[in-house]
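Asks: Predicted model follows, preceded by the sequence.
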Amino acid sequence: MILKIVLLGTSSAVPTLTRGLSSTALVREGDVFLFDCGEGTQLQLMRSGVKRSRIHSIFIGHLHGDHLYGIAGLLSTLHLDGREAPLNVFGPEGLRVFLNAAFRTADLQFTFNLNVREFPRGYRGRVLDEEEFYVEALPLDHSIFCLGWRFQEKDKPGVFNLDKARELGIPRGPLYGKLQHGEKIMLPDGRTITPDMVLGMPREGKSVVYCLDTQFSERSIQLADKCTALVHETTFGPDAIELARDRKHSTMADAARVAKEAGAANLIATHFSSRYDGRQIAQIGDEAREVFEKITVGRDLLEIEI
C-alpha cells in the first residue's frame, strides 16, 4: 500500500511568494487526510490535484492562525460543492467556538454532517480507529496547547502460501478467506489449521507522524517511534537557536535529532521562517544531515510516496 504525502504549505507564520501556510495532505487509497489548514489551503489543494471531495478527516494541531484560518473557507466550498458525505474535524478545545463564529456570521447551514471533536489540554490517545488504520494524538511542547498526530496503518496478515494450503489439503473457497483474516479452521477430517501454518510473517503497517508546532521534546520522540515518515516543523536555522527556544519552535537540527532518537525512517522538514530563502533552507538541510541523513527539505506541492 502506497501512502502519498503532499506538502500544501511549508511557510511559518506568514506566507511568502513561494510558500503557503501550514497544511499537509496524506492520501491513502484515494482518501485524503488533511493535517492543518492554513490560509490558502483550498487553492493549494486545487494546484496539487488532491481532490477536496475525498477529504475524510481534518486534523488541526493548535489554534494559531497560520494552521487554522483556511478551514472555514474550505468547509464553505465543500458545502457549495454539495458534499453529502460526513466529515470529521479533530482539534483542541476552542476549535468549535472558532468554527461556529464563522458559520453564524455567514448564516451557513451545511449540506453534510460536520463531526467536530475537541480534546482537552493534555489529551493523549486514539482519536480515530478504523478497520485498516488508526490516528492517535499526543501533546507537543509549544506556546499553546498543541497536538501531534500519528497516522498508523494496522499490520496486515502475511502472504497466503497457496502451495502450503494445497499440501495441507485445504479445499479452495471460504476456508482460505477465514485463514487470511486470522481465523483458525477445522477440516472435514478433524484437523485444526491455524493461520500461521499457511501465512507468512505479518506485514507491518506504515506510519506518518505530524509534529507541528513544537520545540524539541521527548513527546515528539515518543510519538514518532519507528515511524515510516516524520513530518516535523523546522522553523529556524542554527543562527536562531535562542529565538527557537524562546518561541517554542524547532530548528532543523532539533527535528533531525527527534528523527534519529525515534528511529524514524525518513524526516520531512517543513514550516520554515520567512527570513530564509530557498538557498538558505537547502544549506540548513545539508547541515542537519550531519545529525540525520534521510531528510527531505519540503517545498510547496512536493509529493513524497512511502
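Replies: Arrived safely.
Asks: count of residues packed around residue 175?
Replies: Other residues near residue 175 number 17, with proximity taken as other CB atoms under 10 Å. For glycine as for every other residue, the C-beta is placed from the backbone atoms N, C-alpha and C.
Asks: what's the answer for residue 53, then?
Replies: The burial count for residue 53: 10, using other CB under 10 Å.
Asks: Double-check that it belongs to a helix.
Replies: Yes: under DSSP: H, G, I helix; E, B strand; the rest coil, residue 53 sits within a helix.
Asks: Surely it and residue 83 touch.
Replies: Yes: with contacts counted by CB atoms under 8 Å, residue 53 reaches residue 83, the gap being 6.8 Å.
Asks: would you list every one of the strands in the stretch 101-250 of the chain?
Replies: 114-119, 125-129, 133-139, 147-153, 185-186, 192-193, 207-211, 229-233 (DSSP state E, counting those that start in this stretch).
Asks: Dump the ones you listed into CSV; add mean neighbour count, mean pLDDT and distance to residue 35 as well.
Replies: CSV is the format used below for the strands of the stretch 101-250 of the chain (neighbours: other CB atoms under 10 Å; pLDDT from 0 to 100; distance: least, CB to CB, whole Å):
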stretch, mean neighbour count, mean pLDDT, distance to residue 35
strand 114-119, 15, 98, 15
strand 125-129, 13, 98, 12
strand 133-139, 20, 99, 10
strand 147-153, 24, 99, 6
strand 185-186, 14, 92, 41
strand 192-193, 14, 94, 43
strand 207-211, 28, 99, 5
strand 229-233, 29, 99, 8
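Asks: need these in a markdown table with distance to residue 176, can you?
Replies: Shown next, in a markdown table, are those (distance: least, CB to CB, whole Å):
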| stretch | distance to residue 176 |
| --- | --- |
| strand 114-119 | 37 |
| strand 125-129 | 27 |
| strand 133-139 | 25 |
| strand 147-153 | 23 |
| strand 185-186 | 9 |
| strand 192-193 | 11 |
| strand 207-211 | 29 |
| strand 229-233 | 34 |
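Asks: List just the one of those strands that sits closest to residue 259.
Replies: Closest approach to residue 259 among the strands of the stretch 101-250 of the chain is made by strand 229-233 (5.2 Å; CB to CB).
Asks: residues making contact with that closest one?
Replies: Strand 229-233 has contacts (CB atoms under 8 Å, 6 or more residues apart in numbering) with 3, 5, 12, 24, 35, 206-214, 220, 224, 249-250, 255, 258-259, 262, 264-271, 304, 306.
Asks: Which residue comes closest to the residue in the chain sticking out farthest from the centre once chain neighbours are left out?
Replies: Largest separation from the mean C-alpha position in the chain: residue 189, at 48.8 Å (CA atoms, centre = their mean). Using CB to CB, 6 or more residues apart in numbering and skipping the chain neighbours, the partner closest in space to residue 189 is residue 169 (7.8 Å).
Asks: Can you give me the neighbour number for the one you found?
Replies: Here the number of neighbours of residue 169 (other CB under 10 Å) works out to 11.
Asks: Help me confirm that it comes into contact with residue 185.
Replies: No: using CB under 8 Å, residue 169 makes no contact with residue 185, being 11.7 Å away.
Asks: thought residue 270 was touching residue 24?
Replies: Yes: if you go by CB under 8 Å, residue 270 and residue 24 touch, sitting 7.1 Å apart.
Asks: higher neighbour count, those two?
Replies: Ranked by neighbour count (other CB under 10 Å), residue 270 and residue 24 place residue 270 first, with 30 against 25.
Asks: Report the separation between the closest residue to the more buried one other than its chain neighbours and residue 198.
Replies: Excluding the flanking residues, the one nearest residue 270 by CB to CB, 6+ apart is residue 298, at 4.1 Å. Applying CB to CB, to the nearest Å, the value for residue 298 to residue 198 is 43 Å.
Asks: and what of residue 95?
Replies: Counting by CB to CB - residue 95 and residue 198 are separated by 47 Å.
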